[in-house]
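> Give the three-dimensional model of this entry:
(one chain, ligands or ions: 2)
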Amino acid sequence: MRVRIHRGTQEIGGSCIELANDAGERIVVDVGRPLWAGWDEEVATPEVSGFVDADASLLGVVISHPHLDHYGLLRQVRDDVPVFVGREAAALLEAASYFSPISGRIRAAAHLEHRRPFAMGGFRITPFLNDHSAFDAYSLLIEADGRRLFYTGDIRGHGRKAAMFEELLDEPPSDVDALLMEGTHIRRDPGHDDADLEREDELEDRFVELCASTVGTVAVFGSAQNLDRLVTVYRAAKRSGRKLVIDLYGATVAAATRATIPQPGFDALRVYVPNRQRVLVKQSREFDRVERIRPHRVFLEEVAAHPERFMFHVPSSTARELIRGGALTSAGTAVWSLWDGYLRQQSGLALASLLAQHEIPMPQVHTSGHASMKDLRRLVGAIRPSRVVPIHSEAGDRYPDLFAGVDCHADGDWWEVKSA
Ligand SMILES: [Zn+2]
Ligand SMILES: [Zn+2]
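Ligands and ions are numbered 1, 2, ... in the order given. The predicted model follows:
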């Protein structure tokens, strides 16, 4: 089995891995959009034969999880290439695509299931459901020509599905020749290696404390697609005796996944329809989208009358109307619950100045979707691969200092998976 990483040996995001077996059959895992690319920026399609012009030796594409940096360039790939992705991951993207045009749909040929192997030509692929900030995310064991490669995808051990990470450590795939391991938290600065990452359930306690110390509304600005965080915020709201308000986008995405995820119909869960989404529904004339949530709908007047009874989990783009509607005042707290890098971008700076102008504090409550160095060490220790190959890291060249048996490869180079 030969492997070519098209993007990811030197950077976080935009991952794309091509694998070929001795029979000349090929599969691709992830077709990500680089994180450096702006929303409307054109990015060249990875140079995989069969992506643009037909090539029958390309058997299919597996998407590990529904984050743009892993599937964002899939729309540039021919429609007749079969795609494999988690069932709920596909449902989530389908639901999101109405609200967020950048969230493409994925027409899946078949779905990934936890530890249920399937074949594509001479390849055998076993998905492992994992813990990550994207819903329905998988690591993949890929076997061909008697060789075994394990790709972590994006993975962590401190989220709501930490038990899946522990299961992987307890029952790891055996005889792995190459471990293709993400290293988002392997940074240029070695000082970061010892960083402890907050657990998702610790965030829940911090949200509860914030609710207790806040007289007004607690407005959490987060991502509608981070369902782990939605669960965290919902649990915190319940413990605090507050109603959780999510927007129509968040409600639609949650309802598209599974019944255990907080969604319209859940106790003390309400739905707010921001201006932008109201306009979208009107323009598309899909009024049933609002009709369906009508029994659970909340208007800002109701929040403004009793802000202490509410907690929001909404996009930060709603901040201005929450303030204008009197739902978020200086008695309330805004919470930044996304990557802090966004705060240094223009929209983040504008938000900070808007909140400062209205004397609304904005603490940060967030944790990473990616494993700490400690958990990466535990993972390597459990799998005991012959070789470790860096991917999804800004400092792949540091792996040899941190793990035994590291092979660094460059983007675009073919290399052989050798047996132990
Ligand atoms: Zn990623
Ligand atoms: Zn991811």
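
> ok, for the closest residue to ligand 1 within the stretch 251-400 of the chain, nearest residue in space, not its chain neighbours?
Of all residues in the stretch 251-400 of the chain, residue 392 sits closest to ligand 1, at 5.6 Å by Cβ to the ion. Any C-beta I mention is one placed from the backbone N, CA and C, and that applies to glycine too. Of all residues not flanking residue 392 in the chain, residue 182 sits nearest, at 3.9 Å (Cβ to Cβ, 6 or more residues apart in numbering).

> OK, contacts around the one you found?
152, 153, 154, 155, 370, 371, 391, 392, 393 (Cβ atoms under 8 Å, 6 or more residues apart in numbering).

> Could you measure from it over to ligand 1?
Here residue 182 is placed at a distance of 7 Å from ligand 1 (Cβ to the ion, to the nearest Å).

> same deal with residue 218?
In terms of Cβ to the ion, residue 218 sits 29 Å off from ligand 1.

> Counting neighbours, what do you get for that residue?
27 (other Cβ atoms under 10 Å).

> Cross-check the contact I'm expecting between it and residue 208.
No: counting by Cβ atoms under 8 Å, residue 208 is not a contact partner of residue 218; they are 10.1 Å apart.

> Quote the end-to-end distance of stretch 129-138.
Start and end residues of stretch 129-138 are separated by 4 Å (Cα to Cα, to the nearest Å).

> actually stretch 311-319, sorry about that
13 Å.

> Could you list the domains of the protein?
2-191+369-416, 200-357 (automatic domain parsing).

> To residue 363, which of those domains lies closest?
domain 200-357 (5.9 Å; Cβ to Cβ).

> for the closest one, how far is the first residue from the last?
End-to-end for domain 200-357, by Cα to Cα: 31 Å.

> got it, and stretch 218-230?
Start-to-end, stretch 218-230 (Cα to Cα) is 14 Å.

> Return the mean pLDDT over that stretch, rounded to an integer.
In this model, stretch 218-230 has an average pLDDT of 96.

> what's the answer for stretch 56-65, then?
98.

> Could you double-check that the residue of the stretch 251-400 of the chain closest to ligand 1 lies in contact with residue 154?
Yes: the pair residue 392 and residue 154 qualifies as a contact (Cβ under 8 Å) at a distance of 6.7 Å.

> If you count surrounding residues, which of the two has more?
The neighbour comparison of residue 392 against residue 154 (other Cβ under 10 Å) goes to residue 392, with 30 against 27.

> Give the bridge partners for the residue nearest to residue 392, please.
Here residue 182 sits in beta bridges with residue 391, as judged by DSSP bridges.

> if we can go back for a sec, any shared contact partners between residue 392 and residue 154?
Contacts common to residue 392 and residue 154, judged by Cβ under 8 Å, 6+ apart, are 182, 184.

> Setting the sequence-adjacent residues aside, check what's closest to residue 398.
In space, residue 398 comes closest to residue 186 once its chain neighbours are excluded; the distance is 5.7 Å by Cβ to Cβ, 6+ apart.

> just residue 329 next, same as before
Counting by Cβ to Cβ, 6+ apart, the residue nearest residue 329 is residue 216, at 5.5 Å.

> Residue 328 now?
residue 322 (4.0 Å).

> Which of the three states applies to that neighbour?
Three-state secondary structure (criterion: DSSP: H, G, I helix; E, B strand; the rest coil) places residue 322 in helix.

> Tell me the spacing between it and residue 217.
Residue 322 sits at a distance of 8 Å from residue 217 (criterion: Cβ to Cβ, to the nearest Å).

> For these two, list the residues in contact with both.
Common neighbours of residue 322 and residue 217 (Cβ under 8 Å, 6+ apart) are 312, 328.

> Retrieve the pLDDT associated with residue 206.
Reported pLDDT for residue 206: 98.

> That one and residue 364 touch, don't they?
No: applying Cβ under 8 Å as the test, residue 206 and residue 364 come out as separate, 9.9 Å apart.

> Looking at the two, which has the bigger crowd around it?
Under the neighbour definition other Cβ under 10 Å, residue 206 and residue 364 were set side by side, and residue 206 has more, 17 against 12.

> Who are the contact partners of the more buried one?
residue 365.

> sec struct for it, please.
From three-state DSSP, the assignment for residue 206 is helix.

> cool, and residue 308?
helix.

> Surely it and residue 215 touch.
Yes: counting by Cβ under 8 Å, residue 308 does reach residue 215; the two are 6.1 Å apart.

> Tell me which of these two has more neighbours.
Shown here are residue 308 and residue 215; by other Cβ under 10 Å, residue 308 has more neighbours (17 against 11).

> so what's that one up against?
214, 215, 216, 217, 242.

> and the stretch 51-200 of the chain, which of its residues are near ligand 2?
67, 134, 154 (Cβ under 5 Å from the ion).

> try 6 Å this time
65, 67, 70, 132, 134, 154 (Cβ under 6 Å from the ion).

> quick one: average pLDDT of the helix or strand harbouring residue 399?
According to DSSP states H and E, residue 399 maps onto helix 399-402. The average pLDDT for helix 399-402 rounds to 97.

> which residue does the stretch 301-420 of the chain bring closest to ligand 2?
residue 369 (5.7 Å).

> residues in contact with that residue?
Here residue 369 is in contact with 132, 133, 134, 154, 156, 159, 184, 226 (Cβ under 8 Å, 6+ apart).

> Residue 114 too?
127, 128, 129, 138.

> Find the nearest non-adjacent residue to residue 2, please.
Nearest residue to residue 2 in three dimensions, chain neighbours excluded: residue 20, at 4.7 Å (Cβ to Cβ, 6+ apart).

> hey, what's the one you found bridged with?
Going by DSSP bridges, residue 20 forms beta bridges with residue 2, residue 26.

> pretty sure it contacts residue 49?
No: Residue 20 lies out of contact with residue 49 (Cβ under 8 Å); the separation is 10.2 Å.
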